[in-house]
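> Kindly return the folded structure for what I paste below:
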Amino acid sequence: MKGLSLVIACIFFYCTGAKCQQPKADFIVAKDGRGNFTTIQEAINAVPDFRKKQTVIFIKNGVYKEKLVLAESKNLVCFIGESVENTIITYDDYSQKKNIFGEEKGTSGSSGFYIYGHSFSAENITFSNTAGPVGQAVAVFVAGDLAKFKNCKFLGFQDTLYTYGMNSRQYYNHCYIEGTVDFIFGWSTAVFDSCTIFGKTAGYYTAASTAEGKKFGYVFLHCNITGSAPDSSFYLGRPWRPFAKVVYIQCNLDKQVKADGWNNWGNVQNEKTAYYAEYKNYGVGAVANRVPWSHQLTDEEAKEYTVKNILAGWDPLSNTYPETKR
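Numbers count the residues shown, from 1 in each chain. A predicted model of the protein is given here:
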């Protein structure tokens, strides 16, 4: 299957039960040897550099403990898992773990999967970092532009999902993301559409570091903001960098959300530069009297928050990709 039909297969493939029907694919990864490769990195390496057509990699059920790198030359790569519950990509590095030279790996070095190629997509896959509550331990590090994830899970504790690319546009649809402190963080412009954001202990759902001058940072649309943490123990966000931007629109805010909503990361100057806003949220955690430096969008302001507008002209539900910003 080539060309447009490949793209359609990747975008519209979905599960209706515990197990998915295997799509047509360029490569199949299977731990039992009944595929083209037994490891995911082998399949990535086989993708031609700078290919102009999408390459679909079907990943059969299994736990794949691999530290993966999707290089910048590997563009238009699509991962499709056999089932989100049983197709698991995992690793267990963390920031203070030592490398072969005895140096700490650091936050970026802790990731289990690095995505640099543009126009990457994934569906029906669990990405996890199993290091536990030992500090920063990233499951996925996304630097490439035009990245999208559908029906995926991101599991970890601190710093689970690193939206790294400053000029990267990212789209998460019907995904589940869990963690503790700052577990969605980084520079990218990202839309979380109909996702579940699950806080496991007291902490911060987001730590955006939006660059100065960017119109949008993180936007949560119709999400379920919840968790197993105690009541009123989670902030909606705190600014990792001064110009952080985070907006929650028509989301269900559960009892874990603190009444203040937002934290200034111990620096009152951040209150002058960060942009934190809400629009027509509901649930126990949705209150009107947030910190005075946050915002409630007007109906007119809310009209700007369409997926295509936030992502600078990219419609992630279409089967086309605009010119990248890399």
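> Tell me which stretches of the stretch 151-300 of the chain form helices.
Taking DSSP state H, counting those that start in this stretch, the helices of the stretch 151-300 of the chain run over residues 270-273, 299-302.
> Please render the ones you listed as TSV that adds mean neighbour count and distance to Lys67 to the earlier fields.
Backbone N, C-alpha and C define where each C-beta goes, glycine included. Below are the helices of the stretch 151-300 of the chain laid out as TSV (neighbours: other CB atoms under 10 Å; distance: least, CB to CB, whole Å):
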stretch	mean neighbour count	distance to Lys67
helix 270-273	16	34
helix 299-302	11	41
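> Need the ones you listed in CSV (columns: distance to Ile225 and mean pLDDT).
Shown next, in CSV, are the helices of the stretch 151-300 of the chain (distance: least, CB to CB, whole Å; pLDDT from 0 to 100):
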stretch, distance to Ile225, mean pLDDT
helix 270-273, 21, 98
helix 299-302, 18, 98
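> What residues does Ser294 make contact with?
By CB atoms under 8 Å, 6 or more residues apart in numbering, the contact list for Ser294 reads Gly261, Trp262, Tyr276, Ala277, Glu278.
> looking at those, which has the most residues close by?
Neighbour counts for the contacts of Ser294, by other CB atoms under 10 Å, peak at Tyr276, which reaches 28 neighbours.
> Give the bridge partners for that one, please.
Val246 (DSSP bridges).
> got any ranges where the stretch 101-250 of the chain has weak pLDDT?
For the stretch 101-250 of the chain, no stretch has pLDDT under 70.
> hmm, back to that, if we only consider the contacts of Ser294, which is nearest to Phe113?
Nearest to Phe113 among those: Tyr276, at 29.0 Å, using CB to CB.
> Surely the closest one and Leu297 touch.
No. Assessed by CB atoms under 8 Å, Tyr276 is found out of contact with Leu297, at 11.0 Å.
> Give the intersection of the neighbour lists for these two.
Residues touching both Tyr276 and Leu297 (CB under 8 Å, 6+ apart): Val247.
> Can you tell me which of the helices of the stretch 151-300 of the chain is nearest to Gln54?
Judged by CB to CB, the one of those that comes nearest to Gln54 is helix 299-302, at 33.9 Å.
> okay, the helices of the stretch 151-300 of the chain in CSV with distance to Ile115 next?
As requested, these are exported to CSV (distance: least, CB to CB, whole Å):
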stretch, distance to Ile115
helix 270-273, 29
helix 299-302, 31
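> Quick one: closest of these to Lys52.
Nearest of the helices of the stretch 151-300 of the chain to Lys52, taken as CB to CB: helix 299-302 at 37.8 Å.
> Buried ones in the helix or strand following that closest one, by neighbour count?
Per DSSP states H and E, the first helix or strand lying C-terminal to helix 299-302 is helix 307-310. Under the neighbour-count criterion of 16 or more other CB atoms under 10 Å, helix 307-310 has Val307, Ile310 buried.
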